[in-house]
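Asks: fold the following and give me the result.
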Amino acid sequence: MPGSMHTVSIPIFIQHLNSLNAVLDKAAAWAAARKVNAADPVALYVQSGATGAGRDRSRRQRGRASRRRHARAQRVCPGGPIGH
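Replies: Numbering: from 1, shown residues only. Have a look, this model is predicted:
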């Protein structure tokens, strides 16, 4: 084999990390422009149950939960998500 997994995968991994860094910089600029508190989206994520705790809900319950999460997100970030 002409190369190791390290020499093949690390440059791609670094490229992905640089792309993620650019996305996070864009998100930080978006939040700063709209004066969003950095703790609010994290609290919204944890409070919404997006951690996978409610996987056994019925379709109707999932729909209600989704609408509540959307309403909370609109209160926290009225401008909408990044790119919209």
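Asks: going forward, measure contacts between C-alpha atoms and count neighbours the same way
Replies: Noted.
Asks: report the rounded mean pLDDT for whichever helix in the chain runs longest.
Replies: Across the chain, the longest stretch assigned as helix under DSSP state H is helix 5-33. Mean pLDDT, computed over helix 5-33, is 91.
Asks: name the helix or strand for V36, please.
Replies: Per DSSP states H and E, V36 falls between elements, in no helix or strand.
Asks: just use 33 as the starting number from now, easier for me
Replies: Taking 33 as the first residue, the last one we looked at is V68.
Asks: for the longest helix of the chain, buried residues please.
Replies: Across helix 37-65, burial judged by 16 or more other Cα atoms under 10 Å covers 62-63.
Asks: who are the packing partners of it?
Replies: Contact here means 3 or more Cα pairs under 8 Å, 6 or more residues apart in numbering; DSSP states H and E; on that basis helix 37-65 packs against no helix or strand.
Asks: can you list the domains in the protein?
Replies: In the domain annotation for the chain, the residue ranges read 33-65, 69-111 (automatic domain parsing).
Asks: give the contact list for A63.
Replies: A63 makes contact with 69-70 under the criterion Cα atoms under 8 Å, 6 or more residues apart in numbering.
Asks: next, work out how far apart it and F45 are.
Replies: Look at A63 and F45: by Cα to Cα, to the nearest Å, they are 27 Å apart.
Asks: again, but for A64
Replies: 28 Å.
Asks: got it, and A70?
Replies: Counting by Cα to Cα, the gap from A70 to F45 is 27 Å.
Asks: what does R99 give?
Replies: R99 sits 36 Å away from F45, taking Cα to Cα as the criterion.
Asks: what is the burial count for H102?
Replies: 14 (other Cα atoms under 10 Å).
Asks: helix, strand, or coil at V74?
Replies: helix (DSSP: H, G, I helix; E, B strand; the rest coil).
Asks: give me the neighbour count for it.
Replies: Neighbours of V74 using other Cα under 10 Å come to 11.
Asks: quick one: contacts for it?
Replies: So V74 contacts nothing (Cα under 8 Å, 6+ apart).
Asks: what pLDDT does the model give it?
Replies: For V74, the predicted pLDDT is 71.
Asks: please consider this matter closed, and thank you.
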